[in-house]
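1. what shape does this take:
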Amino acid sequence: MDGVYTLPPLSPVFYNMTLTEYLKKYRIDRCEFAEMCGVHRTALSSYLGGKMSFGKKRALMISTATKGRVSIQEVMFPKDIQEYKE
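-> As a prediction, the model looks like this:
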């Protein structure tokens, strides 16, 4: 596998909800949430707009802030999770 990282198969156990779904469900403002988990609001907006994903450290911070309702996998690999759901 010379430098190529392959994701393990995903199972429904990994999928809770997206961050967008979480923010809507609990009526949390993006700026408020960014402050809660220590992420800059522009970075959070870029993530929610599908322009970027977060690394392990930020993914853990976001998952912890949502009490696990948004998984670390969802934060780090949102497009892969979305493809799995479909």
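2. could you measure from the residue most central in space within the chain over to residue 31?
-> Nearest to the geometric centre of the chain sits residue 75, at 1.9 Å (C-alpha atoms, centre = their mean). As judged by C-beta to C-beta, to the nearest Å, residue 75 and residue 31 stand 18 Å apart. Using the backbone N, CA and C atoms, a C-beta is placed for each residue, glycine as well.
3. residue 69 too?
-> 19 Å.
4. kindly export the helix or strand containing residue 42 (C-alpha atoms) in CSV.
-> If you go by DSSP states H and E, residue 42 is part of helix 41-48. The C-alpha coordinates for helix 41-48 follow below in CSV (Å, rounded to 0.1, in the frame of the first residue of the first chain):
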residue,chain,number,x,y,z
ARG,A,41,-16.0,30.5,12.6
THR,A,42,-14.6,30.8,9.0
ALA,A,43,-13.1,27.3,9.2
LEU,A,44,-16.4,26.0,10.5
SER,A,45,-18.3,27.7,7.6
SER,A,46,-15.9,26.3,5.1
TYR,A,47,-16.4,22.8,6.6
LEU,A,48,-20.2,23.2,6.5
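5. what's the mean pLDDT across it?
-> For helix 41-48, the mean pLDDT works out to 92.
6. that helix: which residues count as buried?
-> Judged by neighbour count (16 or more other C-beta atoms under 10 Å), helix 41-48 contains these buried residues: 44, 47-48.
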